[in-house]
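Peer 1: Build me a model from this:
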Amino acid sequence: MADDPGADARRTAPRRIYSGKGLSLDVDEVVEPGDVRATREVVRHTGSAAVLAVDAQDRVLLVRQYRYAVGEALWELPAGRIDPGETPEDGARRELEEEAGIRAERLERLAFFYTTPGFCDERMSVFRATELTEVPARPEKDERIERRWFAAHEVDAMVDAGEVREGKTLVALLKERLFRQTTR
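Peer 2: Okay, here's the model as predicted:
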């Protein structure tokens, strides 16, 4: 974008506070346009992929798992971090198989967005998966995942009732709802 107000921002004193396997935390002294000097705390993330799996009966697959950061179990799309060397498509396929025991013959990109750009650079790619086959699930040792198929009217009701509270899942389900409404 030619008129990008952040194009002239520069880090004057970058500092890495923490490095983990999927994210790092930087505390940077920056000079932004208009000579604004500030300290910015930024979570650096490897990127992630999520999958809206839709079966032959037009049901949607959601998984439910406990999320420590918010202290509750959430219904959400199968998703996870993109591993080094993976494309977003590769990561989406892997996560769908690992978490849900589903292999997708067909993937199409639904959305790309930054999850929380005020403090994090995580890039999220969301895919719609069809032509599905059951395979053995391979959850990580610390994952306790419940898997369930929902009819369109069920997920619509869950969204409307506030029972789906996780961002990537809301984006995908609302896009899917719009798709269904425009193809009727």
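Peer 1: Which parts of this protein belong to which domain?
Peer 2: Using automatic domain parsing, the domain ranges for the chain come out as 10-45, 48-182.
Peer 1: right, so the ones you listed: which one is the most enclosed?
Peer 2: Highest mean neighbour count among the domains of the chain (mean count of other CB atoms under 10 Å): domain 48-182, with a mean of 16. Every C-beta, even on glycine, is put in place using the N, C-alpha and C of the backbone.
Peer 1: how long is it end to end?
Peer 2: Using CA to CA, to the nearest Å, the end-to-end distance of domain 48-182 comes to 28 Å.
Peer 1: Check the gap between the residue lying farthest from the centre of the chain and Pro14 for me.
Peer 2: Relative to the centre of the chain, the most outlying C-alpha is that of Asp35, 34.2 Å out, by CA atoms, centre = their mean. Separation of Asp35 from Pro14 (CB to CB, to the nearest Å) stands at 19 Å.
Peer 1: And the contacts of the longest helix along the chain?
Peer 2: Under DSSP state H, the helix in the chain containing the largest number of residues is helix 167-182. Residues from elsewhere that reach helix 167-182 (CB atoms under 8 Å, 6 or more residues apart in numbering): 50, 52, 54, 60, 62, 75-77, 79, 110-111, 113, 115, 124, 126, 128, 152, 155-156, 159, 164.
Peer 1: 6 Å - rerun?
Peer 2: 50, 52, 76-77, 110-111, 124, 126, 155, 159, 164 (CB atoms under 6 Å, 6 or more residues apart in numbering).
Peer 1: pLDDT value on the residue farthest from the centre of the chain, please?
Peer 2: Asp35 is assigned 90 on the pLDDT scale.
Peer 1: can you check the one 10 residues further on too?
Peer 2: In this model, His45 is scored at 96, pLDDT.
Peer 1: now swap in Pro5 and tell me
Peer 2: For Pro5, the predicted pLDDT is 57.
Peer 1: Over to Ala2?
Peer 2: 50.
Peer 1: got it, and Glu154?
Peer 2: So, for Glu154, pLDDT stands at 97.
Peer 1: what do you get for the one 5 residues further on?
Peer 2: At Val159 the predicted local distance difference test score is 95.
Peer 1: Where does it sit: helix, strand or coil?
Peer 2: When classified by DSSP: H, G, I helix; E, B strand; the rest coil, Val159 comes out as helix.
Peer 1: list the contacts for it?
Peer 2: Leu173.
Peer 1: next one: phi and psi at the residue farthest from the centre of the chain?
Peer 2: Backbone torsions of Asp35, given as degrees, to the nearest 10, read phi 60, psi 30.
Peer 1: the strands in the chain, which residues?
Peer 2: 10-13, 16-19, 23-32, 36-45, 48-53, 60-67, 72-76, 79-81, 102-114, 123-134, 146-150 (DSSP state E).
Peer 1: Lowest average confidence across those, which one?
Peer 2: strand 10-13 - the lowest mean pLDDT of these, at a mean of 88.
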